[in-house]
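Asker: Pasted the sequence and its predicted model underneath.
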Amino acid sequence: MQGQHNQQAYDRGITIFSPDGRLYQVEYAREAVKRGTATIGVRTPDGVALVADRSVRSRLIEPESVEKLHEIDDHVGVASAGHVADARKLVDFARRRAQTEQLRYGESIGVETLAKSITDNIQEHTQTGGARPFGVSLLIAGTEDGEPHLYEADPSGVATEWKAVAVGGDRDVIQGHLEEEYTAELSADEGVGLALEALAQADSDGIDPASVDVAVIDAETDQYQPYGVEDVRDIVADLDVEVIDEEEE
Amino acid sequence: MQGQHNQQAYDRGITIFSPDGRLYQVEYAREAVKRGTATIGVRTPDGVALVADRSVRSRLIEPESVEKLHEIDDHVGVASAGHVADARKLVDFARRRAQTEQLRYGESIGVETLAKSITDNIQEHTQTGGARPFGVSLLIAGTEDGEPHLYEADPSGVATEWKAVAVGGDRDVIQGHLEEEYTAELSADEGVGLALEALAQADSDGIDPASVDVAVIDAETDQYQPYGVEDVRDIVADLDVEVIDEEEE
Amino acid sequence: MQGQHNQQAYDRGITIFSPDGRLYQVEYAREAVKRGTATIGVRTPDGVALVADRSVRSRLIEPESVEKLHEIDDHVGVASAGHVADARKLVDFARRRAQTEQLRYGESIGVETLAKSITDNIQEHTQTGGARPFGVSLLIAGTEDGEPHLYEADPSGVATEWKAVAVGGDRDVIQGHLEEEYTAELSADEGVGLALEALAQADSDGIDPASVDVAVIDAETDQYQPYGVEDVRDIVADLDVEVIDEEEE
Amino acid sequence: MQGQHNQQAYDRGITIFSPDGRLYQVEYAREAVKRGTATIGVRTPDGVALVADRSVRSRLIEPESVEKLHEIDDHVGVASAGHVADARKLVDFARRRAQTEQLRYGESIGVETLAKSITDNIQEHTQTGGARPFGVSLLIAGTEDGEPHLYEADPSGVATEWKAVAVGGDRDVIQGHLEEEYTAELSADEGVGLALEALAQADSDGIDPASVDVAVIDAETDQYQPYGVEDVRDIVADLDVEVIDEEEE
Amino acid sequence: MQGQHNQQAYDRGITIFSPDGRLYQVEYAREAVKRGTATIGVRTPDGVALVADRSVRSRLIEPESVEKLHEIDDHVGVASAGHVADARKLVDFARRRAQTEQLRYGESIGVETLAKSITDNIQEHTQTGGARPFGVSLLIAGTEDGEPHLYEADPSGVATEWKAVAVGGDRDVIQGHLEEEYTAELSADEGVGLALEALAQADSDGIDPASVDVAVIDAETDQYQPYGVEDVRDIVADLDVEVIDEEEE
Amino acid sequence: MQGQHNQQAYDRGITIFSPDGRLYQVEYAREAVKRGTATIGVRTPDGVALVADRSVRSRLIEPESVEKLHEIDDHVGVASAGHVADARKLVDFARRRAQTEQLRYGESIGVETLAKSITDNIQEHTQTGGARPFGVSLLIAGTEDGEPHLYEADPSGVATEWKAVAVGGDRDVIQGHLEEEYTAELSADEGVGLALEALAQADSDGIDPASVDVAVIDAETDQYQPYGVEDVRDIVADLDVEVIDEEEE
Amino acid sequence: MQGQHNQQAYDRGITIFSPDGRLYQVEYAREAVKRGTATIGVRTPDGVALVADRSVRSRLIEPESVEKLHEIDDHVGVASAGHVADARKLVDFARRRAQTEQLRYGESIGVETLAKSITDNIQEHTQTGGARPFGVSLLIAGTEDGEPHLYEADPSGVATEWKAVAVGGDRDVIQGHLEEEYTAELSADEGVGLALEALAQADSDGIDPASVDVAVIDAETDQYQPYGVEDVRDIVADLDVEVIDEEEE
């Protein structure tokens, strides 16, 4: 009960420190991320695979409008988990940032540079008064001179580079599977497959190819490539996971 | 009682996170939406039907002044549920936004583009200090190159595309009916009919053609078309719902 | 008592949402309106009648200085109920708005346009921080191309068009009378009479012609016309209400 | 005790509404007015009399420095009751306003126009954040084309025109006397006499001519005329009140 | 205890009204004045005497650095009691104000004009948010066309003209002596003597000429004249007070 | 429990003083530093060694992305402990500051000058409202005219020059080892070795060369030189510490 | 316990008055000063001696980086006690202020002028919102036309001139010694000696010449002269105090 009271005392102001040196509003924003559906990134030599759970709560929703994967530039994609409107705001920021780079220097923005710009923006919202933190984690995936990169941007504004990572709901289970099964020598489609397998760990019903968003940023072409339902179906067919396959419409 | 206390602690500031990662002021704004009368959108190949319950609390009110449907541009309409004055502010924003697009680029604004502009504005009110969120949900309906679209914008600033959706009071009952009865091959008038039937589920007294607002954004002409009382009466006549038909004046 | 506490928690900030989706400061502003004396508008084909109870608390007050009716432009009048100084501020706003329209476009402002401008201003005070809502409701009456209009602007910033409406103290009783007795085919003076009868319902002592403010915006001449005490006395004489007639001074 | 608590909850913010629709800070400012000494205005056909109780708390104070009456322009005077420094600020505002009018339009400011400017300023301090209301009531007396006017400006920003009015300490007793005894056909000096008589009701010791401030704004000359101690003594001599007459120094 | 709680409720905000119409922060600032050592002004036909108790808490302090009397212009001096740093800020303000007057109009600032400027500045700090009141009272003494004037500026921003006045610690005792003994026909030195006698009432040990600050603004020369220790010693010698005379250093 | 309450009272505002003269938000920021992994600096005549514990929580994280050492300029490096995003913001600040110096004066920034700029920035965040302190301590290491320097910048904004210092988790144990074992006559590699030995005191498992970040700012070349895993492995081999050596990938 | 509660009520806002007229944040800032190590100034006819206790908490700290004495200009030095980063900010302010004077008027800034500028800056931080007071006291020592001056600037913004003064930890004991032993006829070195003796009163272990900072602003040369460890050792040798003399490194 003491704890209860302590906690209440700190969330009134915006992101101030608690006696044990934590920023409560940032911690709560992490909870907002966990409330979102799972999003996974897997880096392979051939490119970076992004897979997002897009299970929609109604058959009347246009699944495409529940965007979890966003093309930022030809060679960069972003996947999000958490507060949807916050994610869109950061995605817009990322796109403008990439365009500015192109206009100013005539070349594509580096993946790390972009990740840093985004996390600087996020950090700013945890220190300066008058605004709350972003309730979202992003996976920033892209290629740079044929080199695939995968960054996670968390609500505190930290950018971490991963070989494979999950954010959002059921993160612990999914990340656990990635930690166990990831190997460096995967093809891009095997990367997608690993992500889908990991996702299946968290959902006992299995995978519905129509309710996952998949894209690969290809290391050879430096292109963001969204996968269609058929592409996903083909990959899932080869996996040892239950398939939920309801033809849409 | 513990819950009571926790709750009180978080609504003093503007839209900060609660320990479980929710934005309370946004949650409360959703309650404001539920306090409004129901509003329904149904997308059909021929166009998008918007139907709003305009039941007024006095016979002395001019029903037309209780606007729930608003023409934004020739090819776009918006329906609202919730805090009326907030809705008007967003409708004004949408109109100015559409005009600016026309003036700047010489062409009509896309429906998705407009939905995004509106939800960006809404999101801004959930993150930046000094203002409260909008207590309103909007349905944004329109056509783009003959393609009908129907978006919902909620108080958190999320835009979702729907085939058929209800917002406002009795949403659960009405949406339930839509989920069961919606089929993709409806004419526009059948779409209006489906919406009216759904509305009737929530009101045991039946439908009064004079107290519903109806409009269709026609996919062939790309035109917003308000329906008169007679049009509504004709459609209702073919439905299996009770009709309340008091001639006005 | 729980309710007591909840209530206290929400009125400290400016117009934030309560858990049930209401804006408490706006609700309290409505109470300020109820503390004012009654004000009535009746729309007839010949024009709009505005009647306000101006009963003053001392014989030494100049009754004319207790303004409840205000000419905004030749063809528009405004009646107010609630916090007097707030009303004056909105009346000033309305006059400036009407003048600007005249100067910019060389023509009189439309009644609906004016009502919308006023309610936009009111809404702004319920959403943006740093100011409280207006504690006043206005009746905006006018003619537009010979067409009479009567709008109510409430503290939340909603504009509603009425055939006949009352705001301020004893609203329920007075509006009840209007609902029962109003018919569409009234002359302007009959409209004044209906309003006075309704007012008399709330005051068992009867009507004192010297303590009511009356004006009609005439549909034929598009002119705001204040009625003198004699005009009122003549109308009251024909009504079935008690008359309090003390010659002044 | 419940009331105690409720009250505490509302006075922390600046002038927000209480659940019953009142502005507490404004109500408290009215208390500041009551803490001031009494000030009286009486309008007669010959001009407006202003009388203020200037009873000073020490014989070492220069009575003239305890100003209660202030010449604003040749034809306008202001009397104040309440927080002295706040009064001075409003008096300065009134003088600047009168000068601006003279400079801009080459003619004296109207009394009502001035009263309105002052009350607009006062109202602004009750709605916009960051400042408290003025703890003062003013009597604004003047002539306009030979027509005498007397306005009261209260802490809420309401301007009321009176034939005779008292503000400040013992207002109820003094105003009661005015209500009973005031008649329209008074000379200016009889107006001063009536005010002094009224003042004497509240002070059982009687009137000390040296401790009242008296001025008349003369309707014929349109001039603010302060009365000397001898003038006051002459008027008091004719009244049925106890006279305290200690020669000063 | 109820009172305790009420009190706490009002001092959190800056200078808002309490239910009984007082400004608590201003009241508390008066307490800061009382914590300061006593300062006395006596107006005589020959000039105004300022006397301040400069008793220092250590023999190692340079007594001159504990300034209580400040020359503002040739013909004006200011004495302060209360929060020392606040006093310095107001003294600086007064000096700049006097210089500006000289530069702009080529003549010395009037004493009343200066007093008004200072109190306007003080009042501003009691009404506008974001700053606390000044914790200081000033005596503003000067001559204007050979006419001596003595004003007190208190923390609420009121300017009062006095014949003789004390502010700061032991004010009640000292002012009591002034009230009893002051006569209009004093020489400037007798004025100094009266002030020193009054000061001696509050300190049973008597007067130490080295620990009082004395200055006279001479009505004939219009000059601020600080008195040396010897001057003070001569005056004290003639008084019926105990003299503490320790040669310094 | 009293203490509990006191504590709560002070952390709501931003960095205000507690009754015992401490700035709580700054104290809590120090706790954030302790939550970070350990970072060590050792100054030797040959240069300054920076060693940071980069133990990552997953084998899927790219260890290089968990940056603890940052090159600021050719001749300056910064090591951080605490809130990672805050550290990045200060590192960016330091780089811009170094570049500006180069551009403006054509020469490299002095180490002390840089340390002062950084701590000025930090101090600003502890005094001016609207932002929280930085939750990070930095070690600023560099050479100036061949002279090695090592500064610590703490969350209060103090810059301290050290011969050898540790910040972050397990600081007490690590600093204790440095205090005991440091001697002035070390080579740069011996400095690295001393830091690694100290680090090993806090981790009973020993040192994993792949999970420490090491760099030396060389006094002869004035160059920041990051050490590779092999370099670290060679140094650790000579130390009396347990080595954890898992080949990566 | 009542007192406990009262206290809590006032420290939330920035430097507002308590009911007894004190500024709590300023009082708490004085506590921050007491937490610092002792700093002493002694004025002699030959110059002003500044002595500061620089006892460092680790042998690995570069003692010079724990600056307590700061040269502001050729002829002025400042010693500080309290919050170190705050002191640095004021020292920077003082240096800029001295430079500006030199640039503008071509002559060195007066010591009193500088002291006043610094204390004006400090006072500003106790009255204007949005910032806390400085947690530091400064001794400002210098010569002006060969005349030595020594000022203390305290956290309230008061400047006091002293013959000899101590600030910081153990102030009472040290100042007590100064009060007893100070005489006006000291050489500068005797002044240093007196300060060291006073310092020794507070530390039973005696004086370590290496852990005191000493400087003299010489009245003949108008130069700030830091003393080396040898100079201090020579002076201490002649004193009746225990000497701790550990050769450094």
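Answerer: Cool, got the structure.
Asker: In this model B:Trp162 seems to touch A:Trp64, though I could be wrong.
Answerer: You called it Trp, but residue A:64 is Glu. No - applying CB atoms under 8 Å as the test, A:Glu64 and B:Trp162 come out as separate, 11.8 Å apart. The C-beta positions use only the backbone N, C-alpha and C, and glycine is treated the same way.
Asker: More neighbours: which of the two?
Answerer: B:Trp162 (25 against 9; other CB atoms under 10 Å in any protein chain shown).
Asker: Tell me who's in contact with that one.
Answerer: A:58, A:60-62, A:65, B:41, B:43, B:150-152 (CB atoms under 8 Å, 6 or more residues apart in numbering or on different chains).
Asker: Can you name the residues bridging to it?
Answerer: Counting by DSSP bridges, B:Trp162 is bridged to A:Ile61.
Asker: Quick check: pLDDT value at it.
Answerer: On pLDDT, B:Trp162 comes in at 98.
Asker: which residues are contacting stretch A:218-238?
Answerer: With CB under 8 Å, 6+ apart as the test, stretch A:218-238 has contacts from A:45-48, A:69, A:71-77, A:108, A:143, A:146-148, A:188-189, A:192-193, A:196, A:207, A:209-210, A:212-217, A:243, A:245, A:248.
Asker: can you check stretch A:182-189 too?
Answerer: A:42, A:44-49, A:163-164, A:194, A:216, A:218-219, A:235, F:60, F:249.
Asker: Point out where chain A drops to low pLDDT.
Answerer: Residue ranges of chain A with pLDDT under 70: A:1-15, A:129-130, A:245-249.
Asker: Grab the longest strand from it for me.
Answerer: Taking DSSP state E as the criterion, chain A has its longest strand at strand A:136-144.
Asker: could you point out which element follows that strand?
Answerer: Using DSSP states H and E, the helix or strand that follows strand A:136-144 in sequence is strand A:147-153.
Asker: That following strand: partners in the sheet, and parallel or antiparallel?
Answerer: When pairs are called by DSSP bridges, strand A:147-153 turns out to pair with strand A:136-144 (antiparallel), strand A:159-161 (antiparallel).
Asker: OK, contacts around A:Leu103?
Answerer: For A:Leu103, no residue meets the contact criterion (CB under 8 Å, 6+ apart).
Asker: What segments of chain A are strands?
Answerer: Using DSSP E, strands in chain A cover A:39-44, A:47-53, A:69-73, A:76-82, A:136-144, A:147-153, A:159-161, A:164-167, A:212-218, A:223-226.
Asker: Make CSV from those and add mean neighbour count and distance to D:His125 to it.
Answerer: Below are these laid out as CSV (neighbours: other CB atoms under 10 Å in any protein chain shown; distance: least, CB to CB, whole Å):
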stretch, mean neighbour count, distance to D:His125
strand A:39-44, 30, 52
strand A:47-53, 30, 54
strand A:69-73, 22, 49
strand A:76-82, 27, 44
strand A:136-144, 27, 42
strand A:147-153, 25, 47
strand A:159-161, 23, 49
strand A:164-167, 28, 51
strand A:212-218, 25, 56
strand A:223-226, 17, 58
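Asker: Turn those strands into CSV, including distance to D:Ile122.
Answerer: Output for those, formatted as CSV (distance: least, CB to CB, whole Å):
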stretch, distance to D:Ile122
strand A:39-44, 57
strand A:47-53, 59
strand A:69-73, 54
strand A:76-82, 49
strand A:136-144, 47
strand A:147-153, 52
strand A:159-161, 55
strand A:164-167, 56
strand A:212-218, 60
strand A:223-226, 62
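Asker: Any idea which of the ones you listed gets closest to D:Val91?
Answerer: Of all these, strand A:136-144 sits nearest to D:Val91, with 56.6 Å by CB to CB.
Asker: Kindly calculate the angle that the closest one makes with strand A:69-73.
Answerer: In terms of direction (axes from the mean of the first three to the mean of the last three CA atoms, to 10 degrees), strand A:136-144 departs from strand A:69-73 by 50 degrees.
Asker: Taking strand A:47-53 as reference, get the angle to strand A:136-144.
Answerer: 160 degrees.
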